[in-house]
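In: Pasting the sequence and the predicted model now:
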Amino acid sequence: MLRLPDDLRGAFKEPFGPVYTDAERLLADAGTPLVAVGDVVTYHLRQAGHEPQVAVIDGQTEREAVSDEIARVLDGEAHRVEVENAQATLSEDLLRALVDALDSAEPTVIVVEGEEDLATLPAMVAVPTGGSVVYGQPGEGMVLVSVDDEARSEARELLRRLDGDSEAALSTLEP
């Protein structure tokens, strides 16, 4: 549905919120629902005793397979949905799975065949005001995005700059 153009890659270098290295401190500041994007982030949240409402994982961290320890923790009890999403894209299946998971009463893990790196943007649009999105910032820690009108507007603007039908993507994410 959407593809990241090469000239927009730099827009994702700066974190969308504060960076944490301690999951318990992050959780103390996080809102509900909480969406985790990334295997290592999900691992740290679970190790801190918190099951995110939605976790988006792909079995990779920084283009390498996650360790066996992380894989064991990620293989939890939450409902699992599998989707395909190629590198540097956002597929319609991923967007729909994210919306469905947020509407579900039970925690959901979206297992991506491909790559989940861009899932932060649609999560920032789909999560209700007051909720949070957490994603990894390589070499730094976990970024906490508190979803409010400003964060949602920034995510919408970036989604509109991706190649493809951004208006269709936004209509999938917004009721």
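Out: Looks like it arrived, so ask away. Numbers count the residues shown, from 1 in each chain.
In: Disregarding residues adjacent in the polypeptide, which is nearest to Ser104?
Out: The spatially closest residue to Ser104, leaving aside those adjacent along the chain, is His79, at 7.0 Å (Cβ to Cβ, 6 or more residues apart in numbering). Where you see a C-beta, it was placed from the backbone N, CA and C, and this is true even at glycine.
In: Pop out the phi and psi values for the one you found.
Out: Geometry field for His79 lists phi and psi as phi -60, psi 140, criterion degrees, to the nearest 10.
In: Grab the nearest non-local neighbour of the residue nearest the centre of the chain.
Out: Central residue check for the chain by Cα atoms, centre = their mean: the C-alpha nearest the mean position is that of Val37, 3.0 Å away. Leaving aside its chain neighbours, Val37 sits nearest to Tyr135 (4.2 Å; criterion: Cβ to Cβ, 6+ apart).
In: what ranges do the strands span in the chain?
Out: Ranges of strands in the chain, per DSSP state E, are 2-3, 19-20, 34-37, 54-57, 60-61, 64-65, 79-85, 89-90, 108-114, 132-137, 141-146, 163-164.
In: Each with direction, which strands does the first one pair with?
Out: Using DSSP bridges, strand 2-3 pairs in its sheet with strand 89-90 (antiparallel), strand 163-164 (antiparallel).
In: Which one, of these, ends up nearest to Gly139?
Out: strand 89-90 (24.1 Å; Cβ to Cβ).
In: which residues of the protein score low on pLDDT?
Out: Low-confidence segments of the chain, defined by pLDDT under 70, span residues 62-63, 175.
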